[in-house]
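Enquirer: need a structure here:
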Amino acid sequence: MNRIDEAVDLFENGHLCSQAVLSVFCEEFGLSKEDAFKIAACFGSGMRQAEVCGACTGALMAIGLKYGEDKNVCNELSEKFFAEFKKENKSFICRDLLGCDISTPEGVKYALDNNLFRKICPEMVASAVKITEKILED
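Expert: Residues are numbered from 1 along each chain as shown. Next comes the predicted model:
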């Protein structure tokens, strides 16, 4: 199974978007999946505030695992990641991607009623993994 399929599978089977993305890269850089799941546990749903998509925060954590000792490189690669993600998805803000504010009970209800977590979020997970793979290979 490739990373994209693995991350989408993890997300569709109960892990947060942030956990799914970070976990498919973590072992390559010396972090166990169990620890990756713990570290990324508070970053889903746009850090619980419908802000930066959790798939993006998981991706940035993965990039940090490889390049975290060099702040300038991390800054450059973070900007590159966000530019590419926004180009592909029109935004990197959770509420914009979903079309509702899941930091509110009404927004969560709307997302659930319209199956947005199953329609949109797996695409964001796949996009984040694809972009991260490209960045880590360069």
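
Enquirer: can you give me the helices for the chain?
Expert: Per DSSP state H, the chain carries helices over the ranges 3-12, 17-26, 33-39, 44-45, 54-67, 71-89, 94-98, 105-113, 116-119, 121-137.

Enquirer: any chance of these in JSON lines, with mean neighbour count and mean pLDDT too?
Expert: (Each C-beta comes from the backbone N, C-alpha and C, glycine too.) Output for the helices of the chain, formatted as JSON lines (neighbours: other C-beta atoms under 10 Å; pLDDT from 0 to 100):
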{"stretch": "helix 3-12", "mean neighbour count": "19", "mean pLDDT": "98"}
{"stretch": "helix 17-26", "mean neighbour count": "29", "mean pLDDT": "98"}
{"stretch": "helix 33-39", "mean neighbour count": "16", "mean pLDDT": "98"}
{"stretch": "helix 44-45", "mean neighbour count": "24", "mean pLDDT": "94"}
{"stretch": "helix 54-67", "mean neighbour count": "25", "mean pLDDT": "98"}
{"stretch": "helix 71-89", "mean neighbour count": "15", "mean pLDDT": "98"}
{"stretch": "helix 94-98", "mean neighbour count": "23", "mean pLDDT": "98"}
{"stretch": "helix 105-113", "mean neighbour count": "14", "mean pLDDT": "97"}
{"stretch": "helix 116-119", "mean neighbour count": "14", "mean pLDDT": "97"}
{"stretch": "helix 121-137", "mean neighbour count": "21", "mean pLDDT": "97"}
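
Enquirer: count of residues packed around the closest residue in space to Gln19 that isn't next to it in sequence?
Expert: Distances taken as C-beta to C-beta, 6 or more residues apart in numbering place Ala40 nearest to Gln19, at 4.3 Å, with adjacent residues excluded. Ala40: 24 surrounding residues under other C-beta atoms under 10 Å.
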